[in-house]
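In: predicted model and sequence follow; I will ask about them next.
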Amino acid sequence: MRAVLDTNIVLDLLHFRDPLLRRLQQAIDGSRLQCFTDRDCLAELQRVTAYPHFRLTAAAQSALLDCYRRFVVACEMEGGVDGSADDPPLPQCRDADDQKFLLLARRCRADLLLTRDRRLLQLGRRCARHLPCPILTGSAAAILLASGPPQADNGGGDEYGQLLARRR
């Protein structure tokens, strides 16, 4: 499964070590979840980790970024163009800083965009049909990953199947 993690999810995972995201970390460690980033998302993470309220030393900031880089795959724009002419326009995020995550999700063909940003989650509900993938909280994705793929013989995993069926 392919995913884009927004900055808050990365911090919850690597800095705060949120126990609700333990399954998410296990999926990453077990190669069941492949995560993607680009220069803009990395730059935001680097900027945010320097905020004083996180109390991260320069060495701790560097270690967090190194840890993140070890499990993410870079998915950059090619030729300065993001997407193809055939791609439908994406909905606009209220916070322009969040648009990069939608663009990245489309570019890397993500199955999920994980966030705890309220506005992004609302956009995910309001504009689901026009998004490249479902937008979920990290804990919802962890539950989804723990449930595994749907079983063909018993029809299990309907929610999982419906989420993935929306992928274009």
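Out: Here it is on my side, so go on.
In: buried ones in stretch 7-17?
Out: For stretch 7-17, burial by neighbour count (16 or more other Cβ atoms under 10 Å) applies to Thr7, Asn8, Ile9, Val10, Leu11, Asp12, Leu13, Leu14, His15. All C-beta atoms are positioned from the backbone trio N, CA, C, and that covers glycine.
In: what sits against the last one?
Out: Residues in contact with His15, defined by Cβ atoms under 8 Å, 6 or more residues apart in numbering, are Thr49, Phe54, Leu56, Leu64.
In: where does this structure dip in pLDDT?
Out: Within the chain, the ranges that satisfy pLDDT under 70 run 78-85, 149-168.
In: give me that answer again for 90
Out: Along the chain, the model assigns pLDDT under 90 to residues 76-90, 92-96, 145-168.
In: and the helices in it?
Out: Ranges of helices within the chain are 7-14, 22-29, 39-49, 58-71, 99-107, 118-126, 138-147, 158-165, based on DSSP state H.
In: looking at those helices, which is closest to Asp87?
Out: Proximity to Asp87, assessed across the helices of the chain by Cβ to Cβ, is greatest for helix 99-107 (6.6 Å).
In: name the member of the contacts of His15 with the most neighbours.
Out: Neighbour tally across these (other Cβ atoms under 10 Å): the maximum, 22 neighbours, falls on Thr49.
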